[in-house]
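A.B. asks: Quick one: sequence plus predicted model below, questions after.
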Amino acid sequence: MNKKILRLLALLVLAGAILTGCAAGIRAESTPGVTVTDDYVYVAYMSNLYQLDRFNGLQVSSFPEKASANLAMYAAPAVEDGFVYIGDLANDFHKLTEGNLTQQVWNFEGARGWYQAKPALSENLVIAPSTDRNIYAIDIATGSQVWVYRGEFAFIAEPVVVEDKLIVSAQDHHVFVLDSKTGEEIYRVETKGAVLAPPLYDPETDMVFFGSLGREMVAFDFRTGEVKWIYGEGTDLETIWATPIMLDNQLVFTDKNGKIIALDPETGAELWQTSAGGTVIAGVTLVEDQGFLVAREDGTMSFYSSATQSGDWTVTVPGKIYRKPVIDGDQIFVSVIDADALIYTYNLTGVPAWSFSPSN
Amino acid sequence: MWETIIVQPFTNLLLFITMLVKNFGVAIILFTLVIKAITYPLTTKQLKSSQGMQDLQNDPAYKKEMAKYKDNKEKAAEIQMKYYKEKGINPFGSCLPTLIQFPIIIGLYQAIMRVMASTPLELVKLERIVYPFLDVNKILPIQNRFLWMDLGQPERLFIGGFGIPVLAILVLITTLIQTKIMQPPTQTNDQGAAMSNSMMLMMPFMMGYMAYQFSAGLALYFLTSNIATVIQYAAMGRADWSAILPWVKKKEPEKIEVIVEDDDEDEEEVETQKVVKPSARAAVKRQRPKRKK
């Protein structure tokens, strides 16, 4: 064949490879989603869901069997009764067998958007928020759609199940309360900005608390939806990206600038304030009966005891932290990006334990 | 540096337009048109330069000389340069504006991708580059819905359970129209022209495939950009409609001779096209500087 024609063909193939190469795969940047059970730690990141031994971090199995550029997962899975429920960025929602992740029980294909939020389980339903602006209720046994709630913006936060109701954060400046059996909206509470994290329900006060990008913390009565108080007006509060915690009858949260604030949950009055010393997106994490953790974006993680409200110990996690660390028993699990590993673990005094990277 | 000079201003401009029109799809269309308007002088220069090159390829005198020295590449190159100088053609005139536009296109792509942040991490990163005068809590997140599309997802119009990639099809068609009406009527059989023709045919399918794979926001940008380019060509009288409309009479390239006047560097290049009758051709030739034999 003529040399020039060969060159021409090579050029066309190269151009095709470059252009189609640019287009392949799912384009989204996020952080590893982590779920901890009695035996395993699940880490969802990019094209795999990894099942790790909780105590040594060794990989037990992964899903899917063969990784694909067209599949990505960032949402933490829900795990119950030997089954794993996880949605991906190829718009599919899977029910997997915990004993063998490659064994899929069913696959729900009804959504036209990504699953970025951890699903919630409510009796016989799995509640899966999607970025296609819908929340899907899927029959846990059959994988068929039971109801769908249609919203205005992508849903990216895990719903909170309280009795037969769901509390859902929305990016359209609202928090919705839905009937978990029918998906009907019972009421909605308005705020000034997008609500990105799940709200906190406090059974003691029967109130719900949430922060937003509208630079305010809102408290409302769970039964009636009546707003009890709003904190933020007249303060230098910045945007709030994470769920608050309830610690010794104090509502504790952080804003983006690293301000740690404690409020009276009944009145919204400020009790105390301190600084984490840097940007905080992941918020505060409750350490039961002891205090709380604050994980800064730059990887600095500090423990604050209930008594002193000052950093009792600090460790530097080698990566950037955007998700709340998970605390289960006496272990701390921190998912990171821009690091050698996807997850680092510590004990409750800050001593490092295992870490996991897919190459392990 | 790249972020500060290109991506950040583009992202903020896109957000600003979104705030004004309160619709992200419309904002992408307007944003594309604004960028097209900014790069208009470059595109014009590129078009004129490439047109000059094409016309030179059809110049009988030039073709005759090239044929004469086809075995003497050095001499052929010398003659070629002489013609370029004589006709005021810059051989890099068509690729330089393209090179300058390239970072703008990449910046535009990155800005659209940034604004369509769909994960908390992407929102954090977007929030950081928003200028203070744009109140972040009012504009984030951006409503991705436009007509039937979710601009953050690959576009499909679902009819009877089937997802039809309408935007991808439109991008393919408009790219095809664009390449067809821009394609010069070549009569040479050389490999360069064949390669160029093949690339021209491949482009629409590549663009269509990318529109199929990428988020609808980017496909909308491709579509708007294609339509704007076709209109731009048509407005400049450069579009060869006979390539797509069979009832339109085809242009006759052989009869066209181009004289490029480029006396003043500060003034915009002025190009006049004249259909030169054989009797007038000698007079035109007399105006040219004499060539050494």
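C.D. replies: Perfect, thanks for sending it.
A.B. asks: So which residues of chain A form helices?
C.D. replies: A:3-23 (DSSP state H).
A.B. asks: For it, which strand extends over the most residues?
C.D. replies: strand A:100-108 (DSSP state E).
A.B. asks: residues contacting the closest residue in space to A:Met217 that isn't next to it in sequence?
C.D. replies: With sequence-adjacent residues excluded and distances taken as Cβ to Cβ, 6 or more residues apart in numbering or on different chains, A:Met217 is closest to A:Tyr231, at 4.4 Å. C-beta: built from backbone N, CA, C; applies to glycine. Taking Cβ atoms under 8 Å, 6 or more residues apart in numbering or on different chains, we find A:Tyr231 in contact with A:Glu216, A:Met217, A:Val218, A:Leu237, A:Ile261, A:Leu263, A:Gly268, A:Glu270.
A.B. asks: Distance of the first one relative to B:Val7?
C.D. replies: Which is A:Glu216. Per Cβ to Cβ, to the nearest Å, A:Glu216 is found 30 Å from B:Val7.
A.B. asks: what's the answer for the last one, then?
C.D. replies: In this view, A:Glu270 and B:Val7 are 39 Å apart by Cβ to Cβ.
A.B. asks: got it, and the third one?
C.D. replies: Applying Cβ to Cβ, the value for A:Val218 to B:Val7 is 34 Å.
A.B. asks: neighbours of the closest residue to B:Ile142 other than its chain neighbours, just the number please.
C.D. replies: Leaving aside its sequence neighbours, B:Ile142 sits nearest to B:Phe24 (Cβ to Cβ, 6+ apart; 5.0 Å). Using other Cβ atoms under 10 Å in any protein chain shown, B:Phe24 has 25 neighbouring residues.
A.B. asks: For B:Phe24, give me its contacts.
C.D. replies: B:Thr18, B:Val115, B:Met116, B:Ile142, B:Gln143, B:Asn144, B:Phe146, B:Leu151, B:Gly217 are the contacts of B:Phe24 under Cβ under 8 Å, 6+ apart.
A.B. asks: closest to B:Glu74 among those?
C.D. replies: B:Gly217 (51.5 Å; Cβ to Cβ).
A.B. asks: residues touching the closest one, list them.
C.D. replies: Contact analysis of B:Gly217 by Cβ under 8 Å, 6+ apart lists B:Phe24, B:Gly25, B:Ile28, B:Ile112, B:Met113, B:Val115, B:Met116, B:Asn144, B:Leu151, B:Gly152.
A.B. asks: Any chance of these in a markdown table with pLDDT and secondary structure as columns?
C.D. replies: Below are the contacts of B:Gly217 laid out as a markdown table (pLDDT from 0 to 100; DSSP: H, G, I helix; E, B strand; the rest coil):
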| residue | pLDDT | secondary structure |
| --- | --- | --- |
| B:Phe24 | 89 | helix |
| B:Gly25 | 93 | helix |
| B:Ile28 | 91 | helix |
| B:Ile112 | 83 | helix |
| B:Met113 | 83 | helix |
| B:Val115 | 87 | helix |
| B:Met116 | 83 | coil |
| B:Asn144 | 80 | coil |
| B:Leu151 | 84 | coil |
| B:Gly152 | 78 | coil |
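A.B. asks: Those: which two are farthest apart?
C.D. replies: Top of the distance list for these (Cβ to Cβ): B:Gly25 and B:Met113, 15.3 Å.
A.B. asks: hang on, the earlier thing: including distance to A:Phe93, could the contacts of B:Gly217 go into a markdown table?
C.D. replies: As requested, those are exported to a markdown table (distance: Cβ to Cβ, whole Å):
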| residue | distance to A:Phe93 |
| --- | --- |
| B:Phe24 | 27 |
| B:Gly25 | 28 |
| B:Ile28 | 30 |
| B:Ile112 | 28 |
| B:Met113 | 25 |
| B:Val115 | 27 |
| B:Met116 | 23 |
| B:Asn144 | 21 |
| B:Leu151 | 23 |
| B:Gly152 | 18 |
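A.B. asks: picking that back up, the more surrounded of A:Glu270 and B:Val7?
C.D. replies: B:Val7 (19 against 12).
A.B. asks: need the contact list for the more buried one.
C.D. replies: B:Gly107, B:Gln110, B:Ala111, B:Arg114, B:Ile129.
A.B. asks: Now the residue nearest the centre of chain B: closest residue in space that isn't a chain neighbour?
C.D. replies: The centroid of chain B falls nearest to B:Thr229 when counting by Cα atoms, centre = their mean (6.1 Å). Closest residue to B:Thr229 apart from its sequence neighbours, by Cβ to Cβ, 6+ apart: B:Gln178 at 5.5 Å.
A.B. asks: Where do the helices of chain B begin and end?
C.D. replies: B:2, B:8-21, B:24-38, B:40-57, B:60-68, B:73-87, B:95-115, B:120-129, B:136-139, B:166-182, B:191-213, B:216-235, B:278-287.
A.B. asks: right, and the ones you listed - which one's nearest A:Tyr187?
C.D. replies: Per Cβ to Cβ, nearest to A:Tyr187 of these: helix B:136-139, 22.9 Å.
A.B. asks: on that earlier part again, in the contacts of B:Phe24, find the pair that's most separated.
C.D. replies: Of all pairs in these, the most separated under Cβ to Cβ is B:Val115 and B:Phe146 at 12.8 Å.
A.B. asks: tell me which of the contacts of A:Tyr231 is nearest to chain B?
C.D. replies: Checking those against chain B by Cβ to the nearest Cβ gives A:Glu216 as the nearest, at 9.2 Å.
A.B. asks: Enumerate every residue touching that closest one.
C.D. replies: Per Cβ under 8 Å, 6+ apart, neighbours of A:Glu216: A:Thr191, A:Lys192, A:Gly193, A:Ile230, A:Tyr231, A:Gly232, A:Glu233, A:Leu237, A:Ile240.
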